[in-house]
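Peer 1: take this sequence and fold it.
(one chain, ligands or ions: 3)
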Amino acid sequence: MMLPQVAKVIVDVPVKDTDRPFDYLIPELMRSWLEIGSRVGVPFGHRTVQGFVVDLQDRPSPGGMRLKNIQEVLDVVPPLSPELVKLAEWMSQKYACRFITALQVMVPTALKGKAERYISLGDPEGQPEEEDEYSLVRVVAEPTEEAKTIMAYVAQKGEVPAQQLSRIFPDSAETIKSLLRKGILQENQSIKDKLQKKMLKAVDLAVDPDEALAALPQFPAKAQRQREVLQFILEMKELLPLPLKEVLKALQVSAATVKGLADKGFVAIEEMEVFRDPYRGRRFKPTEPLRLNDEQQHAYDRIVDSLDARRHGVFLLHGVTGSGKTEIYLQTIQHCIEQDRQAIVLVPEISLTPQMVERFKGRFGDQVAVMHSRLSGGERYDEWRKIREGKVKVAIGARSAIFAPFDRIGLIIMDEEHETSYKQEESPKYHARDVAVKRARQYGAAVVLGSATPSLESYHAARSQANDEFAPMLLEMKRRALGNELPAVQIVDMREELKEGNRSMFSRSLHQAIETRLQRGEQIVLLLNRRGYSTFVMCRSCGYVAGCPECDISLTYHQKSNNLRCHYCGYAEPAPSVCPECGSEHIRYFGTGTQRVEEELAKLFPGIRVIRMDVDTTTEKGSHEKLLKQFRDKKADVLLGTQMVAKGLDFPDVTLVGVITADSALNLPDFRAGEKTFQLLTQVAGRAGRHQLKGEVLIQSYTPDHYSIIHASGHDYLAFVRDELKHRRNLHYPPYCRLILITLTHEQLPLLVRMAENMVSVLQGKARQRGWFGSLDRLTADAFDVLGPVASPIPRIKNRYRFQCMVKWRGNIDAVGLVRESAEQLEETAHNQQLQISIDVDPQMLM
Ligand SMILES: Nc1ncnc2c1ncn2[C@@H]1O[C@H](COP(=O)(O)OP(=O)(O)OP(=O)(O)O)[C@@H](O)[C@H]1O
Ligand SMILES: [Zn+2]
Ligand SMILES: [Zn+2]
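Peer 2: Numbering: from 1, shown residues only. Ligands and ions are numbered 1, 2, ... in the order given. Alright, predicted model coming up:
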């Protein structure tokens, strides 16, 4: 068989023209084991850089340039599989990002190596690589004492980091330089990882056990301690290698004793990898599968059928809060593992609580690896290696766990599939749902998207079955698993409160409800919807919110110019001082902070115990968990917070959920505002009365007749979907079309504006050429429309101005390709002008 001679490598060099594979020769010794997905160090210009092998080739292409050698292979097990390399290539096309960026997001940051310089002994007799002036004067004089010391040091170490050498011989810079010039020392570059595997000294048997056994009686009297060690090691032979520390502790011997035994050749002391387990020492109570109810059984059967058929299938598991979705995840995973396949479980970062982890570890124990951002770099690296090396069967984690390097995936579960955090906001701007479907298809695996409030994209796709790329099968669960009812929800009209003279942020009903819970010793969850803090303008008398006449989204207040603007189309109007609807003067920007609510609670209910959970109180590692544990242990009456308190929590004694202001997210300049509000209210309402005690929910609102709020209070997802889809269709928003957000940034505003306008006309021109330029109003299958340019919602960041335009498109056309091509063309002509263009395909945040 012919071994490949050439590797195609994507290098980690962040300039424009490097977004393509470069060819390198594979040295003889590497040929048999270099693989697609290997991480390598290669010479690039004058440096050594890190790269990934994306393809192998039998021989150099004829007539090609002389190729450089691959310098080093950085891992024993390649960090990526050929499947992941293919996936990265697909991502780079789908999301218009660089290939290396997509590869990089798949490996832990611990593996982002940097080149380091090393000094070793050179070969002064050999020819210098290139003739230079110094080669003539090489090796003329005897080395000085100083030079000898340095050479001896290097010889002893073999290889010394350049920096370390100059630290140890601070006054010898000139001598070192001269030794390098003479070729007596040489400098190499090598890629060094940010983080190392954690190693531990371990003892292993170095001879055949029988031989060791036979030798035991022959140990002389003064070596009795050594004999004991050898005997112990023989007894423990099933568990070898043993950590040295444990041997010393067990026998109360010194390291020298073991070393002596090693010198005699009976044992070897070696380095052993240890995994930094973030859950070490924690015991997880084992749990048994529950008997499924009819609805659960039905959903379970469909998914298991798909697993058994080993055919790719996508399921949208729409189950009300508390319907027992997690139990279905657990039991289908069980089935998947029994097939000797692996499972990935994605949950939003904020729901990745110990409670959540416990449910999976409790069922599958050590077969589970957990990956989330609160782990240290080392812990994350180790969990990742457990997956790569096949030591676990289930990976649970936030968004990026979708890249878990399994090679026999059978099932991918995405809990709370509607969560916007599944979309990464920086490059690569991927959506984990797309990646999940793509990977599952590769393996003939099943995908389960679970939610009480599925995204409109998923629900619409399931209902219409129109999209053959993504048409999930709908599985519904309408009842709670424990048989209790969904809590009664009451909307409180805050305009009425104001009319009656109550200017507090607590309505009289919420005040009363809190009072009652405090008396009964039950617990309360209070949600402050803080998205959209202080940005929109609302009348507190009538609930009027200033919106754009063209786009039907709320306008954003700009303090500097004192006007209101639409971030989609650029429409602007002066900020009103009285309400245009009712003439009231109670018109103001909206938003209250959690801290203010906390103060108000303390004033109204002296002695109340409040746990505040928001970005401020949860920055520290572990703080999130600590706060939740305190609440669970009933150390507080109220859990007050932002979205964090809405998701996935299951506390038996919570009987009241209060939403301080339901409206604040509704008025964000975002066409998904209604959807997000509905989802959040439904989620938070689902926290109440999950067990024996009956739950009650109070939603305070200034727009109590908004359909998002009405339908959330009625637990009526279908009615919400009906209204929202109508809305989306009229205004041409997803799922009726798709979006690409293009953001241009530059230091100079006039130049930027010109280029942004240019961008729009280039896009329009190219689309027209291809015959697919047309309004979305027309009922044709293919359409492509460009809105803008307008200033971005954040018009300047770090002294760079930002403009954006939005592509709306539909049908079977390569809109992403066209946008990328146009952006590259524009960047080309704007060469050296520092124009940056970012492309966001299917954006979740329109900023
Ligand atoms: N078949 C069953 N028999 C008995 N109890 C069950 C069953 N299925 C689930 N449960 C229990 O019902 C409760 C709610 O289930 P679970 O948390 O899985 O619901 P969920 O749909 O994931 O909820 P949410 O979306 O609100 O997080 C849990 O206490 C769970 O142990
Ligand atoms: Zn008004
Ligand atoms: Zn507008």
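
Peer 1: mind checking the longest helix of the chain?
Peer 2: Longest helix of the chain, by residue count under DSSP state H: helix 749-769.

Peer 1: and the next helix or strand past that helix?
Peer 2: Following helix 749-769 in sequence order, the next helix or strand is strand 783-797 (DSSP states H and E).

Peer 1: the next helix or strand after that following strand near ligand 3 at all?
Peer 2: Using DSSP H and E, the helix or strand that follows strand 783-797 towards the C-terminus is strand 800-810. No: judged by C-beta under 5 Å from the ion, strand 800-810 makes no contact with ligand 3; its nearest approach is 10.8 Å. (Each C-beta comes from the backbone N, C-alpha and C, glycine too.)

Peer 1: can you list the strands that strand 800-810 pairs with?
Peer 2: strand 738-746 (antiparallel), strand 783-797 (antiparallel) (DSSP bridges).

Peer 1: quick one: contacts for the closest residue to ligand 1 within the stretch 151-300 of the chain?
Peer 2: With C-beta to the nearest ligand atom, the shortest gap between the stretch 151-300 of the chain and ligand 1 falls at residue 290, namely 3.9 Å. Contact partners of residue 290, counting by C-beta atoms under 8 Å, 6 or more residues apart in numbering, are 324, 327.

Peer 1: next, it: secondary structure please.
Peer 2: coil (DSSP: H, G, I helix; E, B strand; the rest coil).

Peer 1: related to what we said a few turns ago, counting by contacts, list what the longest helix of the chain packs against.
Peer 2: Here helix 749-769 touches strand 738-746, strand 783-797, strand 800-810, helix 815-829, going by 3 or more C-beta pairs under 8 Å, 6 or more residues apart in numbering; DSSP states H and E.

Peer 1: what separates it from the chain centre, distance-wise?
Peer 2: In terms of C-alpha atoms, centre = their mean, to the nearest Å, the centre of helix 749-769 is found 33 Å from the chain centre.

Peer 1: mind listing what's buried along that helix?
Peer 2: 752, 753, 755, 756, 758, 759, 760, 762, 763, 766, 767 (16 or more other C-beta atoms under 10 Å).

Peer 1: rewinding a little: show the pLDDT at the residue of the stretch 151-300 of the chain closest to ligand 1.
Peer 2: Listed pLDDT for residue 290 reads 91.

Peer 1: quick one, phi/psi of it?
Peer 2: phi -90, psi 160 (degrees, to the nearest 10).

Peer 1: what of residue 97?
Peer 2: Here residue 97 shows phi and psi, under degrees, to the nearest 10, equal to phi -120, psi 170.

Peer 1: that one and residue 91 touch, don't they?
Peer 2: Yes: counting by C-beta atoms under 8 Å, residue 97 touches residue 91, with 6.7 Å between them.

Peer 1: overlap in contacts of the two?
Peer 2: Joint contacts of residue 97 and residue 91 (C-beta under 8 Å, 6+ apart) are residue 428.

Peer 1: still on that earlier bit, residue 633: which of the helices and strands packed on helix 749-769 is closest?
Peer 2: strand 783-797 (41.3 Å; C-beta to C-beta).

Peer 1: now do the closest one, average pLDDT.
Peer 2: For strand 783-797, the mean confidence score works out to 83.

Peer 1: same question, stretch 200-207
Peer 2: pLDDT averaged over stretch 200-207 gives 82.

Peer 1: now stretch 442-456
Peer 2: 96.

Peer 1: list the buried residues of it.
Peer 2: By 16+ other C-beta under 10 Å, the buried positions in stretch 442-456 come out as 443-456.

Peer 1: next one: stretch 631-639
Peer 2: 631, 632, 636, 637, 638, 639.

Peer 1: next one: stretch 461-471
Peer 2: 461, 462, 470, 471.

Peer 1: next, the angle from the longest helix of the chain to strand 783-797.
Peer 2: With axes from the mean of the first three to the mean of the last three C-alpha atoms, to 10 degrees applied, the angle from helix 749-769 to strand 783-797 works out at 170 degrees.

Peer 1: excluding chain neighbours, what is closest to the closest residue to ligand 2 within the stretch 101-250 of the chain?
Peer 2: Scanning the stretch 101-250 of the chain for proximity to ligand 2 using C-beta to the ion identifies residue 105 as nearest, at 47.4 Å. Spatial nearest neighbour of residue 105, excluding adjacent residues (C-beta to C-beta, 6 or more residues apart in numbering): residue 428 at 5.6 Å.

Peer 1: on that earlier part again, okay, the residue of the stretch 101-250 of the chain closest to ligand 2: pLDDT?
Peer 2: For residue 105, the predicted pLDDT is 93.

Peer 1: relative to residue 92, how far out is it?
Peer 2: 11 Å (C-beta to C-beta, to the nearest Å).

Peer 1: distance check, the residue of the chain most remote from its centre against residue 233.
Peer 2: The centre of the chain is farthest from one residue, residue 221, which by C-alpha atoms, centre = their mean lies 61.2 Å away. Distance of residue 221 to residue 233, computed by C-beta to C-beta: 20 Å.

Peer 1: repeat that for residue 259.
Peer 2: On the measure of C-beta to C-beta, residue 259 and residue 233 end up 14 Å apart.

Peer 1: now residue 291
Peer 2: For residue 291, the distance to residue 233 (C-beta to C-beta) stands at 49 Å.

Peer 1: more crowded one of the two?
Peer 2: Neighbour count, other C-beta atoms under 10 Å: between residue 291 and residue 233, residue 233 has more, with 24 against 8.

Peer 1: return the residues in contact with the more buried one.
Peer 2: So residue 233 contacts 203, 205, 212, 240, 242, 247, 267 (C-beta under 8 Å, 6+ apart).

Peer 1: confirm that it sits in a helix.
Peer 2: Yes: applying three-state DSSP, one finds residue 233 inside a helix.

Peer 1: what residues does the protein have near ligand 2?
Peer 2: Residues of the chain lying near ligand 2 (C-beta under 5 Å from the ion): 539, 541, 542, 544, 579, 581, 582, 584.

Peer 1: appreciated, that's everything.
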